[in-house]
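>>> Next come a sequence and a model predicted from it.
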Amino acid sequence: MVLAGGVGRRVGMNTPKQLVEIGGRPIIEHTIALFDAAPEIDEVIVLMTPGHTAEVEAIVARGGYGKVSRVLEGGASRLETTWRALQALGDEECDVLLHDAVRPLLEPRIITECVRALSAHRAVEVAIPSSDTVLVAVPAEGGEVVGDVPDRTRLRRAQTPQCFRLSVIRQAFERAMADPGFADRPATDDAGVVLRYLPEVPVFLVAGSERNMKVTHPIDLAIADRLLRLPAEAAGARDRSVLAGRTVAIFGAAPWGSELAELLSSYGAAVHRFAAGAPAEEALAGLGRVDHVVETAPGDLVGSAVARAAHPYLRKSGGSLLLDAAAEHDLAAATGAAVAALAEALAGEWAADGIEVACVNGGTAEAALDALLGQKG
Ligand SMILES: Nc1ccn([C@@H]2O[C@H](COP(=O)(O)OP(=O)(O)OP(=O)(O)O)[C@@H](O)[C@H]2O)c(=O)n1
Ligand SMILES: C[C@](O)(CO)[C@H](O)COP(=O)(O)O
């Protein structure tokens, strides 16, 4: 359930913040795409700000997010939106993940761990340690003073998804909605409702991440935009043995092309080479699955034809695209800059599809391979 019923008062734009475009697409699209691509997820239901469901339906149709079954209107508060989400589900028992639409940087690892945890626990919450000391402020003359400094080692910051067996979260919400005191002291998240109304159900904690931030204030838009343009594992070294059995298509004839093909083959990849300007769609269709695409002749419309053709394949495989900005060309300098800009734009746009895009400026086959595996570039 993608909870998107808010208006984004704190961000302060005249449209709900989940429709604001960052990293090349609306925030809510990043979030929908994540769940749509997650193998553990069967169905996605979106609860959107009243009056804005048509915009989300258009995003879903344009992006072809086939797991989205419904786009419904949310309620007046986050908890009311959750309540509506629960009412929209049938009687059949299932696992439910409730996720803030405005946390578009959730890693697939967290979805996997949450779903796995639900096989042993009826309630699961994602949380991270607090890197700040947290204070309890108490009113005092002229302002506030520190009332308490809780032991930080026991404090966690709650994130989403918050995950439950349907019967558990539904029962907790039924009790909350029947409690006349709930409206005066509402919970601030879904797990809080379980804690208060079904205290016998332990809420198991799964490790979240700093990256899984919530876009709440204007500055978060800039931070999230930047993060969306960085690959999730930017700093992580990659093991080249992952290339075994992968399919790589190389277009054009960069000086290092043959050496790269040999290197890839030595790690067990199946390498297919195509001449510069070869019809990319036709070439890739003949391969079936494609894990990595290398365009070394981006002077042909600065690589966009190959990129366009490669996108559906790389989206399926979670692979990568490498562009070479140093193509020999009459307008080499201008073309190179355009290729680098294209790579940066695609990296942002495709991050949510799990595709990495890198760019090299000539160099060696070794450097190209590192870039292809997301280590540099
Ligand atoms: N009536 C509401 C209010 C919030 N949310 C969702 O809950 C998530 C977290 O809420 P928050 O960051 O508070 O979003 P807004 O309520 O939109 O922001 P603000 O409080 O600044 O208005 C968001 O994905 C938001 O769309 C919701 O589904 N229904
Ligand atoms: C659910 C939540 O994201 C967990 O941190 C948070 O409590 C939502 O709070 P908000 O004030 O509705 O943004």
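Thanks, I have it. Bear in mind the structure is a predicted one, so any value in this text is a computation, not a measurement. Ligands and ions are numbered 1, 2, ... in the order given.

>>> Just give the closest residue to Ala326, not the sequence neighbours.
In space, and not counting its chain neighbours, Ala326 is closest to Gly362: 3.5 Å by Cβ to Cβ, 6 or more residues apart in numbering. Where C-beta positions appear, they are placed from N, C-alpha and C, glycine not excepted.

>>> surely the one you found meets Asp324?
Yes. Look at Gly362 against Asp324 with Cβ atoms under 8 Å: they come within range, at 6.9 Å.

>>> of these two, who's got more company?
Asp324 (28 against 16; other Cβ atoms under 10 Å).

>>> The more buried one reaches Ala358, doesn't it?
No. If you go by Cβ under 8 Å, Asp324 and Ala358 don't touch, sitting 10.0 Å apart.

>>> So Ile128 belongs to a strand, correct?
Yes. The assignment for Ile128 (DSSP: H, G, I helix; E, B strand; the rest coil) places it in a strand.

>>> Find me the pLDDT at it, would you?
Predicted confidence (pLDDT) at Ile128: the value is 92.

>>> For it, which non-adjacent residue is closest in space?
Setting aside the residues directly before and after it, Ile128 is nearest to Gly208 in space (Cβ to Cβ, 6+ apart), at 4.5 Å.

>>> My read is that the one you found contacts Ile110, right?
Yes. Gly208 lies in contact with Ile110 (Cβ under 8 Å); the separation is 6.3 Å.

>>> Any chance you could list residues touching both of these two?
Val126 (Cβ atoms under 8 Å, 6 or more residues apart in numbering).

>>> now the helices for the stretch 251-377 of the chain?
For the stretch 251-377 of the chain, the helices defined by DSSP state H, counting those that start in this stretch occupy 257-266, 280-285, 304-317, 332-350, 365-372.

>>> among those, which is nearest Val20?
helix 332-350 (14.4 Å; Cβ to Cβ).

>>> Quick one: mean pLDDT over the closest one.
Average pLDDT, helix 332-350: 82.

>>> Kindly list the single helix or strand of this structure that scores lowest on mean pLDDT.
Taking mean pLDDT, DSSP states H and E as the measure, the chain has helix 332-350 as its least confident helix or strand, at a mean of 82.

>>> picking up where we left off before, list the contacts of the residue nearest to Ala326.
Per Cβ under 8 Å, 6+ apart, neighbours of Gly362: Ala254, Pro255, Trp256, Asp324, Ala325, Ala326.

>>> What's the per-residue pLDDT of it here?
Confidence score, pLDDT, at Gly362: 80.

>>> Check Ile169 too.
Model confidence at Ile169, expressed as pLDDT, equals 98.

>>> From ligand 1, how far off is it?
15 Å (Cβ to the nearest ligand atom, to the nearest Å).

>>> I'd assumed Asp190 was in contact with that residue.
Yes. Judged on Cβ under 8 Å, Ile169 makes contact with Asp190 at a distance of 6.5 Å.
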